[in-house]
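Quick check, what structure comes out for this input:
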Amino acid sequence: IPVIFPQFNAFGPMKSHGFARVSTWEPRGISGDLQKGTITATFRLTPNELSKKMWGDDKSFVYDYAVTVVAPTETKAGLMKIDSTISNTGSKAFGFTCALHSYFPVSDITQAAVSSVAPWTVEGIKYVDQLKEGKERADKICTEKNKEILFDKETDRIYLDVPKLLQVVDKKS
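Below is the predicted model:
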């Protein structure tokens, strides 16, 4: 999953989506638990030539990223869990935005949906509609009215304050 850091989209002075997705991450380890059916791979990103060129050489950080895959069982679906920790290891404060730019295969986009897992819901959360008219971000803020996110037309949205657990549902398969 491409990692967007330290800037999402064009919401800042640097190239859209920052440098993390095109940087080389240091593999930190792989661990697993056969009894639980899990495997975890961990990676680390620290300042490099590209980050210094795009973000300046005055920022010191450690970005730890872990991907855990849990195998499905007879009673539970498999899942993937992502943990990200960004630490400022310098003395100067800095702001950033980040995102995971995921892509999931589905049989028919018009039959796919994204929904939350109880007790959370997507209904009522705010999003930025990138296709909506308006020059300012505030002009494009909308509220999700459905219990699941549907894709019945061209969609380019940035969801804000999303629930902790989401699932992609392929209604055709």
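
Would you mind measuring from the residue nearest in space to the middle of the chain to R44?
In the chain, the C-alpha nearest the mean C-alpha coordinate belongs to L100, at 2.1 Å (CA atoms, centre = their mean). Plainly put, L100 is 17 Å away from R44 if you go by CB to CB, to the nearest Å. Using the backbone N, CA and C atoms, a C-beta is placed for each residue, glycine as well.

Check F61 too.
For F61, the distance to R44 - CB to CB - is 10 Å.

who's more crowded, those two?
F61 (18 against 15; other CB atoms under 10 Å).

these two touch, right, that one and S87?
Yes: between F61 and S87 there is a contact under CB atoms under 8 Å: 6.4 Å.

got any ranges where this structure has weak pLDDT?
Scanning the chain for pLDDT under 70 picks out no residues.

For it, which segments are assigned as helices?
Listed in chain order, the helices of the chain (DSSP state H) span 49-55.

Tell me where it has strands.
Secondary structure of the chain by DSSP state E: the strands cover 3-4, 26-33, 38-45, 61-70, 79-88, 99-100, 112-116, 126-129, 141-143, 148-150, 157-159, 166-170.

possible to save the ones you listed as TSV with distance to F19?
As requested, the strands of the chain are exported to TSV (distance: least, CB to CB, whole Å):
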stretch	distance to F19
strand 3-4	10
strand 26-33	15
strand 38-45	9
strand 61-70	11
strand 79-88	13
strand 99-100	14
strand 112-116	27
strand 126-129	22
strand 141-143	27
strand 148-150	29
strand 157-159	20
strand 166-170	26
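
Need the winner for burial among the ones you listed.
strand 3-4 (a mean of 20; mean count of other CB atoms under 10 Å).

Can you list the helices and strands that that one packs against?
Packing contacts for strand 3-4, counted by 3 or more CB pairs under 8 Å, 6 or more residues apart in numbering; DSSP states H and E, involve strand 99-100.

Give the pairing partners of the strand it packs on; include direction for each.
Strands that pair with strand 99-100, judged by DSSP bridges, come out as strand 3-4 (antiparallel).

ok, residues contacting the partner strand?
17-18, 20-21, 45, 63, 65, 84, 97-101 (CB atoms under 8 Å, 6 or more residues apart in numbering).

what's around P163, how many residues?
Per other CB under 10 Å, the neighbour tally for P163 reads 15.

give the contact list for N88.
59-61, 94.

what's the most distant pair in those?
S60 and F94 (9.1 Å; CB to CB).

on that earlier part again, out of the strands of the chain, flag the one nearest W55.
It is, among these and with distance given as CB to CB, strand 61-70, at 9.2 Å.
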